[in-house]
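Chemist: requesting a structural model of the entry that follows:
(one chain, ligands or ions: 1)
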Amino acid sequence: MATRFFEGKEHAALYQKYRPFASTEINSLILKYLEKKKGKPFSLAVDVGCGSGQSSRGLAPFFDVVVGVDVSEAQIEEAKKTCGLNNVSYRQGAAEKMDFKDASVDLVTAATAAHWFDVEKFLKEVDRILKPKGCLALHSYRFPFAMHYNGCSESLTQIVEEMYERLVPYKSERTQMVWNKYKEIFEAITFSDKERVDNILIKHQASISGIMGLIKSLSCYQMFLKKDPEAAKSLLEITEQRLLQAMGVSSNDTVVEITMNSFCLLASKPE
Ligand SMILES: C[S@@+](CC[C@H](N)C(=O)[O-])C[C@H]1O[C@@H](n2cnc3c(N)ncnc32)[C@H](O)[C@@H]1O
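Modeler: Presented below is the predicted three-dimensional model:
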């Protein structure tokens, strides 16, 4: 069964603002794979669970047309607000039943999203819409992340890990699939031509307030906020104070580097 999250307008806005992880490393991995398996032209890419569109926009330079699909109306609204690219469009829809013709799509991708889908139905739909030799790419990153700043990287990473521990009880069991690096999803892919790439390290610069926003955008934080708003807000405030203190700075505009550990499943439909 698919799971509905990320539906609220406020959550979608947080997503748009704080999740800028269209990763060039992962995109180039996917494009190389598609080139090897199917070759050009790259006509149509479908980015499922596109959220506010970060992942779809990253594909724009490489495809004639990119379509972002998301079940959440609020996310699609956010995506449309910031689009501005002629070859990218967004539509509301479910991963399990997509509005594309049989054998019409070169690439189906899902960034940090496949664990929310009804995997069996989604994979059947992927098989239907992909062209022969067309490719599927499913990737995600895992929390918590490593932080780097002037000699106090270990302390900062530790503080984020401790904060994340408090969120664990609010995690959906779906996110366990991310912990398992999509092991179950990989096994469920029926295409025999499939592979996985692990430990893709993605570096990203963010201010401390940006990191707080990123934490706020997590589904487990949103669940904590719903169940115990005071405790959730206080956890963020305390975490921010601890980070600033460890860094010896007072401004939450101070920028640090974070490293996300990502993985990607790749598969190609038989001819
Ligand atoms: C964690 S967000 C990822 C957004 C974006 N791809 C990114 O990289 O930031 C997961 C998205 O999947 C969407 N989603 C969840 N279940 C879905 C389904 N069954 N069909 C389509 N989208 C779905 C959610 O609405 C949400 O926007």
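Chemist: CA atoms for contacts and neighbours, from now on please.
Modeler: Fine.
Chemist: what's V255 sitting at in phi/psi?
Modeler: Reported as degrees, to the nearest 10, the phi and psi values for V255 are phi -100, psi 140.
Chemist: so it bridges to which residues?
Modeler: For V255, the beta-bridge assignment (DSSP bridges) gives partners S207.
Chemist: shouldn't it be in contact with S207?
Modeler: Yes - taking contact to mean Cα atoms under 8 Å, the distance of 4.0 Å between V255 and S207 places them in contact.
Chemist: so what touches stretch 235-252?
Modeler: Contacts made with stretch 235-252 from outside it, assessed by Cα atoms under 8 Å, 6 or more residues apart in numbering, are listed as Y149, N150, C152, S155, L156, I159, V160, M163, S207, I208, S209, M212.
Chemist: and if we set it to 6 Å?
Modeler: By Cα atoms under 6 Å, 6 or more residues apart in numbering, the surrounding residues in contact with stretch 235-252 are I208, S209.
Chemist: CA atoms only: put it into PDB for me.
Modeler: What follows is stretch 235-252, C-alpha atoms only, in PDB (Å, rounded to 0.1, in the frame of the first residue of the first chain):
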ATOM      1  CA  LEU A 235      14.400  20.000  20.400                       C
ATOM      2  CA  LEU A 236      15.100  22.200  17.400                       C
ATOM      3  CA  GLU A 237      16.000  25.300  19.600                       C
ATOM      4  CA  ILE A 238      18.300  23.300  21.800                       C
ATOM      5  CA  THR A 239      20.000  21.600  18.800                       C
ATOM      6  CA  GLU A 240      20.600  24.900  17.200                       C
ATOM      7  CA  GLN A 241      22.000  26.400  20.400                       C
ATOM      8  CA  ARG A 242      24.300  23.400  20.800                       C
ATOM      9  CA  LEU A 243      25.600  23.600  17.300                       C
ATOM     10  CA  LEU A 244      26.300  27.300  17.500                       C
ATOM     11  CA  GLN A 245      28.000  26.800  20.800                       C
ATOM     12  CA  ALA A 246      30.200  24.000  19.500                       C
ATOM     13  CA  MET A 247      31.200  26.100  16.500                       C
ATOM     14  CA  GLY A 248      31.900  29.200  18.700                       C
ATOM     15  CA  VAL A 249      29.600  31.500  16.600                       C
ATOM     16  CA  SER A 250      26.400  33.300  17.300                       C
ATOM     17  CA  SER A 251      24.800  33.600  13.900                       C
ATOM     18  CA  ASN A 252      22.600  30.900  12.500                       C
END
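Chemist: what residues sit buried inside it?
Modeler: L235, L236, T239, E240, Q241, R242, L243, L244, M247, N252 (16 or more other Cα atoms under 10 Å).
Chemist: farthest-separated two in these?
Modeler: L235 and M247 (18.3 Å; Cα to Cα).
Chemist: now the lengthiest helix in the chain: mean pLDDT?
Modeler: Ranked by residue count and defined by DSSP state H, the top helix of the chain is helix 229-247. Looking at helix 229-247 alone, the average pLDDT works out to 97.
Chemist: just the helices in this structure please.
Modeler: Under the criterion DSSP H, the chain contains helices at 9-18, 24-37, 54-57, 73-81, 119-129, 153-167, 176-179, 183-188, 208-216, 219-227, 229-247.
Chemist: which of those helices sits most buried?
Modeler: The highest mean neighbour count among the helices of the chain, using mean count of other Cα atoms under 10 Å, belongs to helix 54-57: a mean of 24.
Chemist: what about that one, near the ligand?
Modeler: Yes - for a cut-off given as Cα under 6 Å from any ligand atom, helix 54-57 has contacts with the ligand, namely Q54, S55.
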